[in-house]
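A.B. asks: just a sequence and a predicted model for now, questions to come.
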Amino acid sequence: MRFFGLLFIAIAALLCGCSSLGATVVDFRVRMDISYHSSGEIASGFDTGKVSEMQKHPKSLEAFADLKYQDSLLSWVISVDNIIIDNLVQNLSDKLLILHWDQALLSSSHQPDDTLLRSYGSSVAGEVLGPKGYVPKNEDRLHKLIPLHLSPGQKANVDFNPKLTELFNSGRLFGVRYEPGKTTLIESGIGNWLLIKLPVDWGGQPLTMHIKLTALDAKARISYF
């Protein structure tokens, strides 16, 4: 899941001028809670999904295993660090599933008011009906993500590097703080959360998914490019 994530990290290192010294990457172990809402209330008729840890590859540099959520509608594999949120989504239903990432809202434990999801960089790859591609990380140019159209059985990878300055004081995911190029965390962000409100269309039925990510652990490492 991390090919485009590695590109984000490489570009971030070049932008900060620390590519020769390495860039600090903070991996997070998170709890993921997903629910479906309609007209501001929890939607009925949807089964409670299950969350499990994926098997971690022996050669993986990431500190924690990816998480997988699955219900009768979709499966969602997620990995999280201070640079990107990496998502692999598959439509398990027999209807067209549209994820309106362009309308997604973010809130946090530090800022409960919703703000529109905007990203410094993003990628969409896989079995998608609509557009896909890669938007390089650019600290001076924010953009909205594109809607994701998935036919029954199709899956796609969506990565993004969201603007978080309005959501956490440090401007980094979960409020983590560190000195660039070092692995000592000044603030770990453990216990803080990020909520994604994602409008979806499932066979013509409008819903809003609430994806809540809560930091349970954090470990920093240096990535060299």
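C.D. replies: Looks like it came in fine.
A.B. asks: pretty sure T115 is touching L167, no?
C.D. replies: Yes. Assessed by C-beta atoms under 8 Å, T115 is found in contact with L167 at 6.8 Å. For every residue, glycine as well, the C-beta is placed using N, CA and C.
A.B. asks: quick one: which of those two has more around it?
C.D. replies: Between T115 and L167, counted using other C-beta atoms under 10 Å, L167 has the larger neighbour count: 25 against 16.
A.B. asks: the more buried one and Q205, how far apart?
C.D. replies: To Q205, L167 is 29 Å away according to C-beta to C-beta, to the nearest Å.
A.B. asks: and the strand ranked longest in the chain, which strands flank it?
C.D. replies: Criterion DSSP state E: the longest strand present in the chain is strand 205-223. Its sheet considered, strand 205-223 pairs with strand 23-38 (antiparallel), strand 193-202 (antiparallel) by DSSP bridges.
A.B. asks: let me see the mean pLDDT of the first one.
C.D. replies: Pointing back at strand 23-38 there. Averaging pLDDT along strand 23-38 yields 94.
A.B. asks: now do the same end-to-end measure for stretch 102-112.
C.D. replies: Start-to-end span of stretch 102-112 (C-alpha to C-alpha, to the nearest Å) is 20 Å.
A.B. asks: just the residues contacting that stretch, thanks.
C.D. replies: 113-117, 144-147, 162, 164, 166-169, 175, 191-199 (C-beta atoms under 8 Å, 6 or more residues apart in numbering).
A.B. asks: do that again at 6 Å, thanks
C.D. replies: Residues external to stretch 102-112 that are found in contact with it (C-beta atoms under 6 Å, 6 or more residues apart in numbering): 114-115, 117, 144-145, 147, 167-168, 192-199.
A.B. asks: what does stretch 162-178 give?
C.D. replies: Contacts for stretch 162-178 (C-beta under 6 Å, 6+ apart): 24, 26, 82, 108, 110-111, 115, 117-119, 142, 185-187, 189, 192, 215, 220.
A.B. asks: buried stuff in that stretch?
C.D. replies: Residues of stretch 162-178 classed as buried: P162, K163, L164, L167, F168, S170, R172, L173, F174, G175, V176, Y178 (neighbour count, 16 or more other C-beta atoms under 10 Å).
A.B. asks: need the residues you listed in a markdown table (columns: distance to M32 and secondary structure).
C.D. replies: A markdown table is the format used below for those (distance: C-beta to C-beta, whole Å; DSSP: H, G, I helix; E, B strand; the rest coil):
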| residue | distance to M32 | secondary structure |
| --- | --- | --- |
| P162 | 16 | strand |
| K163 | 21 | coil |
| L164 | 18 | coil |
| L167 | 18 | coil |
| F168 | 18 | coil |
| S170 | 22 | coil |
| R172 | 19 | coil |
| L173 | 14 | helix |
| F174 | 14 | helix |
| G175 | 18 | helix |
| V176 | 18 | coil |
| Y178 | 24 | strand |
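A.B. asks: let's have the residues you listed in TSV, adding pLDDT and distance to K56.
C.D. replies: Shown next, in TSV, are the buried residues of stretch 162-178 (pLDDT from 0 to 100; distance: C-beta to C-beta, whole Å):
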residue	pLDDT	distance to K56
P162	93	25
K163	93	29
L164	94	26
L167	96	28
F168	96	27
S170	95	27
R172	95	24
L173	97	20
F174	98	21
G175	97	25
V176	97	21
Y178	96	23
